[in-house]
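Q: predicted model and sequence follow; I will ask about them next.
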Amino acid sequence: RGHTGQGGDEQANVALSLRRSQAVKQYFVAVHSIDPDRVHAEGFGSSQPTPKKPMENPRAYRARQARVEFVLLESNPL
């Protein structure tokens, strides 16, 4: 799941976050030989910001918003 910081055009943020998550997927496929059918890339733009930490300065908070998160799903054994 790709994310961006807040601000700017949300459609552009969603597109950027999708490209960000696709780049991570491509890395895992190319470098670690992960089956591309086992990885799904999504872009969420700035719609799911992380919570602000206590005493965190605004600059550090903004820097943490641009990220890619991994969600592991349980698979059925073959």
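A: Received the coordinates, thanks.

Q: for the rest of this, base every contact and every neighbour count on C-alpha atoms.
A: Noted.

Q: G5 sits in which helix or strand?
A: According to DSSP states H and E, G5 maps onto no helix or strand at all.

Q: that one reaches Q48, doesn't it?
A: No: using Cα atoms under 8 Å, G5 makes no contact with Q48, being 9.3 Å away.

Q: quick one, which of these two is more surrounded?
A: The neighbour count for G5 versus Q48, taken as other Cα atoms under 10 Å, is higher for G5 (21 against 13).

Q: S46 and S33: what is the separation?
A: Going from S46 to S33 by Cα to Cα, to the nearest Å gives 30 Å.

Q: and if you look at E42?
A: When distance is defined by Cα to Cα, E42 is 20 Å away from S33.

Q: show me where the protein has helices.
A: Secondary structure of the chain by DSSP state H: the helices cover 10-32, 58-65.

Q: out of those, nearest to V71?
A: Closest to V71 of the helices of the chain is helix 10-32 (Cα to Cα; 11.9 Å).

Q: check which helices and strands the closest one sits against.
A: When contacts are defined as 3 or more Cα pairs under 8 Å, 6 or more residues apart in numbering; DSSP states H and E, helix 10-32 packs onto strand 2-3, strand 67-68.
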